[in-house]
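Asks: Return atomic coordinates for the entry below.
(one chain, ligands or ions: 1)
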Amino acid sequence: MSDIIEVFDPGNGELIGSVASASRDDVEQVLATASNAVDIARNMPTHLRISVLRQVAEQLLQRHEEFAELIAKEGIKTIREARKEVTRCVETLRISAEEARRLGGETIAFDQMPGSENRFGYFKRLPVGVVLAITPYNDPLNLVAHKIGPAIAAGNAVILKPHSSTPLSAKKLVALFDATDLPAGVLQLITGAGAIIGDQLVSDPRVRMVSFTGGPLVGLKILPLAGLKKISMELGSNCPCIVMGDADMELAVESTVSGAFWAAGQNCLHVQRLFIQQDHFDDFSKRFVERTKRLKVGEKLDETTDMGPMISDAAASKVGEFVEDAVARGARILTGGECEGRYFQPTVLDNVAADCRISKEEVFGPVVALYPFSEISEAIDLANDVDYGLQAGVFTRDLGTAHTIADALHCGGVMINDSSDYRIDAMPFGGTRGSGLGKEGVAHAIIEMTEAKTYCFNL
Ligand code: NAD
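Replies: Next up is the predicted model:
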């Protein structure tokens, strides 16, 4: 086995860097170091946690363009998409610094129980110990920060394992932490193929929490191996958006086109299934297709490019298979459908069967299916009739309708008059059902990465 992993630009195949490919001995070393750093991390004073996180946020801001270029080169984002990711990452780290000072507990009214009148106590939230953070390729910087930031704010030791296709942004971010006063061993990067080093990391009892973001196949593999430890699973989806006849159609088109093709659809919040009220279907569909045709696909570092490539040939082929499957069952391709190299054209389908793959599974690529509906209940039933439930969008001018639909959708968040793709880094984030377990969004990740410990004084 080679001891390095070469990292290539998925758009043009250019070699842009390399990272170590960890061996079993390397994994053992990292686990031992993390275990030894547990008390050091736990005892970091709050002011140190805050200052480390602030320093990294500040450095990142100063080197904004450098990081954006690296994200765009190693991954699938255009330079404009990558800049937005860096800006969000600065924010994620700033929020983490702020939340570090809020880590607390509550007093407990022990005297609510007859016989406990003389007792007084409280609980504190304490770090779990070692957090193993496993991250995907599509947001190679900010999704790393969503794990490191809260873990350090909470006083944990962290082992970070980024995706082997996009480890360079993560490595550069960890180097910023290494340049602060963060004690040695509290944050470690390990790089290697998940299929090779994943089991050893996940199953080790010294790891007290696995915080995983990625696909359901890997997530389901991790669950039985992890054993008795905390788990957070941020998995995929096939997010629905519902457009009512009374919606601001211009807003709905603009917002859902962006949500469908951001990061070439390689986005867990990707607008995949778009339900439009029957009387407005033709008008919406025409406008949606016209807007989609204006998207420019190509070279990621070109300022005018809207959409980049798929991460790999296999990922591009999988998207093609979804389209072929839909077409074989009667779907029409309104635009797109073609793939040149790894550049899959933005693709819009209609007349899509309810049981084909694009209606049920996660495509994780630039394909969106349009479905007409007449009654609200029909749209809700169709939107819910999948195994996923991450986020959804609803477009309507009627507050009552918005509330009814939002209440009825089975998912982690509903965006009214925004697509499923809307998110800020401070909000609770995470899905239901096949989309995962636990929440991210800094304050919520901190709760997941800590345990309440109760102190009771018998006075
Ligand atoms: P993936 O599951 O292929 O890989 C995710 C990570 O798991 C990588 O670091 C990979 O190296 C590692 N891994 C692979 N095999 C492993 C093993 N056996 N043990 C431990 N780790 C292993 O996912 P991906 O292709 O990078 O990302 C796409 C998926 O991630 C999509 O399904 C997408 O929806 C999901 N995602 C979810 C969110 C969210 O917040 N819910 C955010 C982004 C992406």
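
Asks: where in the chain is pLDDT low?
Replies: Applying pLDDT under 70 to the chain picks out residues 1-2.

Asks: which one's the longest helix in it?
Replies: helix 79-100 (DSSP state H).

Asks: now it, how far from the centre of its chain.
Replies: 13 Å (Cα atoms, centre = their mean, to the nearest Å).

Asks: try stretch 360-380
Replies: Put simply, stretch 360-380 sits 21 Å off its chain's centre (Cα atoms, centre = their mean).

Asks: ok, back up a step: please see if the longest helix of the chain touches the ligand.
Replies: No - using Cβ under 6 Å from any ligand atom, helix 79-100 never reaches the ligand; the gap is at least 11.7 Å. In this view, the C-beta of every residue, glycine as well, is placed from N, C-alpha and C.

Asks: pull the CA atoms of that helix into CSV?
Replies: Output of helix 79-100 as CSV, limited to C-alpha atoms (Å, rounded to 0.1, in the frame of the first residue of the first chain):
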residue,chain,number,x,y,z
ILE,A,79,-14.7,29.8,-6.7
ARG,A,80,-17.8,31.8,-5.9
GLU,A,81,-19.4,28.8,-4.0
ALA,A,82,-16.1,28.2,-2.3
ARG,A,83,-15.8,31.8,-1.1
LYS,A,84,-19.3,31.4,0.5
GLU,A,85,-18.1,28.3,2.3
VAL,A,86,-15.1,30.1,3.8
THR,A,87,-17.3,32.9,5.0
ARG,A,88,-19.6,30.5,6.6
CYS,A,89,-16.7,28.6,8.2
VAL,A,90,-15.4,31.9,9.8
GLU,A,91,-18.9,32.3,11.2
THR,A,92,-19.1,28.6,12.5
LEU,A,93,-15.8,29.2,14.4
ARG,A,94,-17.0,32.5,15.8
ILE,A,95,-20.2,31.0,17.0
SER,A,96,-18.2,28.1,18.5
ALA,A,97,-16.1,30.7,20.4
GLU,A,98,-19.3,32.4,21.7
GLU,A,99,-20.9,29.1,22.7
ALA,A,100,-17.8,28.1,24.7
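
Asks: Show me what that helix packs onto, helices and strands only.
Replies: If contacts are counted by 3 or more Cβ pairs under 8 Å, 6 or more residues apart in numbering; DSSP states H and E, helix 79-100 sits against helix 46-62, helix 64-74, helix 142-154, helix 442-448.

Asks: out of everything not next to it in sequence, what's closest to L295?
Replies: D306 (4.4 Å; Cβ to Cβ, 6 or more residues apart in numbering).

Asks: correct me, but the one you found touches K296?
Replies: Yes - assessed by Cβ atoms under 8 Å, D306 is found in contact with K296 at 4.9 Å.

Asks: List the residues that are in contact with both of these two.
Replies: Here D306 and K296 share no contacting residue, scored by Cβ atoms under 8 Å, 6 or more residues apart in numbering.

Asks: between the two, which one's more packed in?
Replies: A direct count of neighbours by other Cβ atoms under 10 Å for D306 and K296 places D306 higher, at 19 against 12.

Asks: Could you measure from the more buried one over to the ligand?
Replies: Plainly put, D306 is 20 Å away from the ligand if you go by Cβ to the nearest ligand atom, to the nearest Å.

Asks: List the residues that contact that residue.
Replies: D306 makes contact with T78, F261, L295, K296, V297, according to Cβ under 8 Å, 6+ apart.

Asks: again, but for E448
Replies: Contacts of E448 by Cβ under 8 Å, 6+ apart are P150, M209, S211, K230, S232, G438, K439, E440.

Asks: Need the distance between the two termini of stretch 198-213.
Replies: Using Cα to Cα, to the nearest Å, the end-to-end distance of stretch 198-213 comes to 13 Å.

Asks: Give the buried residues for it.
Replies: Neighbour counts over stretch 198-213 (16 or more other Cβ atoms under 10 Å) mark 198, 200-202, 204, 206-213 as buried.

Asks: check the residues you listed against the ligand, which are close?
Replies: By Cβ under 6 Å from any ligand atom, the members of the buried residues of stretch 198-213 lying near the ligand are G198, V202, T213.

Asks: Tell me the one of those residues nearest the ligand?
Replies: The ligand lies nearest to G198 out of these, by Cβ to the nearest ligand atom, at 2.1 Å.
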